[in-house]
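Colleague: Give me a model of this one.
(one chain, ligands or ions: 2)
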Amino acid sequence: MQNQKPIIEIKDLKKNYGSNHVLAGFNMVLYEGENLVIMGKSGSGKSVMIKCLIGLEEHDSGSIEVMGKDINELNREELDDLRTEVGFLFQGSALYDSMTVRENLEFPLRRHKKKFGKIKDTTPLVMEALDNVGLAHTINLMPEELSGGMKRRIALARTLILQPKIILYDEPTTGLDPITAKEILLLMMSIQKKYNTSAIIITHDVDCARVISNRMILLVDGLNYIEGTFEELSTSTDPKVQAFFK
Ligand SMILES: Nc1ncnc2c1ncn2[C@@H]1O[C@H](COP(=O)(O)OP(=O)(O)OP(=O)(O)O)[C@@H](O)[C@H]1O
Ligand SMILES: [Mg+2]
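Modeller: Residues are numbered from 1 along each chain as shown. Ligands and ions are numbered 1, 2, ... in the order given. All right, here's what the predicted structure looks like:
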């Protein structure tokens, strides 16, 4: 399915917080155009891994290459540029409560001016991003006027507005009812189709993993414990693997 060209490569990633060895030599490759699901218990280091990936957390050792660039070798500005290519949907929605939907979406455009050059009118970009998540009519609302599912979709629109090549989803469906979760999943898939993005999806939602993954990695004890398709992992006889699919 994927053309096997790596777009992210993580090798022997280690990250400790004091005596807490969160990542103990984690390896991972994301191929262009694929949806890679990472599963792991709560506290196993999934969010830490993804934060290291975009330089929000410093790792202790190991290498992280994103689109052919070793993030350790980038200066602040280069890292900032790279972040416009890597969209991050935070765990929870993390909208700015004091800003309207429009202002929330404009925020990344202001922060990363370089990517689109000087924008006279942000409206077309804001509208395209909102159209992608079916919420054009909310443009002037405040976050408190939105439901949980709508907030998640607006957060997704904000991630999309910089037209990233890679999207990192941290628990995109957690805390949503099954129907809204399904809607978010369908959106994620339509976005991938439309923009040909590659994605890492962190989730403990088995349905989400089944629907969206081309490949999965289980993070156990700070390591990439096992990888394979949903079909392969969900039928594994390894008790540590089975535990995820119960
Ligand atoms: N800034 C920090 N300082 C100290 N310890 C941290 C920090 N961030 C994370 N940790 C620790 O790292 C471990 C992994 O946390 P992380 O948030 O990556 O878990 P997770 O796999 O994303 O869990 P969840 O499924 O609950 O989101 C936890 O033990 C956590 O306490
Ligand atoms: Mg997490």
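Colleague: in the chain, which helix or strand is least confident?
Modeller: Least confident helix or strand, the chain: helix 113-116 with a mean of 80, by mean pLDDT, DSSP states H and E.
Colleague: Need the contact partners of that helix.
Modeller: Applying CB atoms under 8 Å, 6 or more residues apart in numbering, the contact partners of helix 113-116 are 81, 84, 109, 119, 125, 162-163. Placement of C-beta: from N, CA and C, glycine included.
Colleague: Next: stretch 171-181.
Modeller: By CB under 8 Å, 6+ apart, stretch 171-181 touches 89, 91-92, 148-149, 152, 156, 184-185, 188, 201-205, 207-208.
Colleague: chain center to it: distance?
Modeller: Here stretch 171-181 is found 15 Å from its chain centre; the criterion is CA atoms, centre = their mean, to the nearest Å.
Colleague: measure that stretch end to end?
Modeller: With CA to CA, to the nearest Å applied, stretch 171-181 spans 11 Å between its terminal residues.
Colleague: Repeat that for stretch 163-175.
Modeller: Taking CA to CA, stretch 163-175 runs 26 Å from one end to the other.
Colleague: right, and the helix or strand after the longest helix belonging to the chain?
Modeller: Secondary structure of the chain per DSSP state H: the longest helix is helix 178-195. Note on helix 178-195: by DSSP states H and E, the next helix or strand toward the C-terminus is strand 198-202.
Colleague: Now do that following strand and helix 178-195, the angle between them.
Modeller: Put simply, strand 198-202 runs at 160 degrees to helix 178-195, going by axes from the mean of the first three to the mean of the last three CA atoms, to 10 degrees.
Colleague: Relative to strand 198-202, what are the paired strands and their orientations?
Modeller: Strand 198-202 sits in its sheet next to strand 35-40 (parallel), strand 166-170 (parallel), going by DSSP bridges.
Colleague: from the contacts of stretch 171-181, which are also near ligand 1?
Modeller: By CB under 6 Å from any ligand atom, the members of the contacts of stretch 171-181 lying near ligand 1 are Q91.
Colleague: Quick check: PyMOL command selecting the buried ones in the contacts of stretch 171-181.
Modeller: Listed next is the PyMOL selection for buried residues among the contacts of stretch 171-181, using 16 or more other CB atoms under 10 Å:
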select buried, resi 89+149+152+156+184+185+188+201+202+203+204+205+208
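Colleague: Just the CA coordinates for the least confident helix or strand of the chain, please, in CSV.
Modeller: The C-alpha trace of helix 113-116 is given here as CSV (Å, rounded to 0.1, in the frame of the first residue of the first chain):
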residue,chain,number,x,y,z
LYS,A,113,4.4,33.6,8.5
LYS,A,114,7.1,32.2,6.3
LYS,A,115,5.3,29.3,4.9
PHE,A,116,2.6,31.2,2.9
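Colleague: The nearest residue to H204 once chain neighbours are set aside: neighbouring residues, count only.
Modeller: Excluding the flanking residues, the one nearest H204 by CB to CB, 6 or more residues apart in numbering is M39, at 6.1 Å. As a burial measure, M39 scores 25 neighbours (other CB atoms under 10 Å).
Colleague: check contacts around M39.
Modeller: 202-204, 209, 216-219, 244.
Colleague: just S213 next, same as before
Modeller: By CB under 8 Å, 6+ apart, the contact set of S213 is 35-37, 201, 229-230.
Colleague: ok, back up a step: the helix or strand following the least confident helix or strand of the chain to helix 178-195, inter-axis angle?
Modeller: Moving toward the C-terminus from helix 113-116, the next helix or strand (DSSP H and E) is helix 123-132. Following the same axes, to 10 degrees, one obtains 130 degrees for the angle between helix 123-132 and helix 178-195.
Colleague: I'm done for today, thanks for sticking with me.
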